[in-house]
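J.: next come a sequence and a model predicted from it.
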Amino acid sequence: EIFNPKRNDMLQCYEYIHDFIQNELDLNVDFAVIGHYQLFDLLLSKEEQNEELFTAISERNISKISKVLSQNHSLVQLLKTPTHQQLDFLTTFADTDHPTYKSLLYWKATLEASGINHIHLDITTMPPKSYYVGSFIQLYENNNRNPIASGGHYNGTLEGFGFGIQLS
């Protein structure tokens, strides 16, 4: 974990955990899920953000989300898009200069540069009252349902960036 991180600090933290997983645990990270806590602010108005909707999102209950919002709402359309295409789909309705979108692109490029071939955007993994304030990442070995490591940029008692490793 790194406290009061700058972008380069976050990159070094990611590289450290990725190297540890590959070299010490002898696992191959080839699948990642990325998200950004502020995607809710990019996709939903303040009025639309409520517990009922957040619960439906976490359950990936598209029919309920469609009833709460509408069938044509950008969030519904995003959730109907395969997760490996969602980041590109965001460009159809989101401001590509928005810091949230730019952060996601940065992490996608970083993950690809480290050899991860499958990168998915998924907002359904985000708890609505998370302490994450920015990007978060889950790293997987292909064909494993549980992440090897997960973490991201958070701000609770302290601001930091870090990963936890799942031991099983």
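T.: Good, I have the coordinates.

J.: Three-state assignment for the closest residue in space to residue 155 that isn't next to it in sequence, please.
T.: Closest residue to residue 155 apart from its sequence neighbours, by Cβ to Cβ, 6 or more residues apart in numbering: residue 133 at 4.4 Å. Just so you know, the C-beta spots here come from the backbone N, C-alpha and C atoms, and that holds for glycine as well. Here residue 133 is strand, with the state taken from DSSP: H, G, I helix; E, B strand; the rest coil.

J.: now tell me which helix or strand of this structure has the poorest mean pLDDT.
T.: Lowest on mean pLDDT, DSSP states H and E among the helices and strands of the chain sits helix 39-43, with a mean of 84.

J.: for it, list the C-alpha coordinates in PDB.
T.: Extracted in PDB, the C-alpha atoms of helix 39-43 (Å, rounded to 0.1, in the frame of the first residue of the first chain):
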ATOM      1  CA  LEU A  39     -18.600   6.000 -12.900                       C
ATOM      2  CA  PHE A  40     -21.800   6.400 -11.000                       C
ATOM      3  CA  ASP A  41     -21.500  10.100 -11.300                       C
ATOM      4  CA  LEU A  42     -20.700   9.800 -15.000                       C
ATOM      5  CA  LEU A  43     -23.700   7.600 -15.700                       C
END
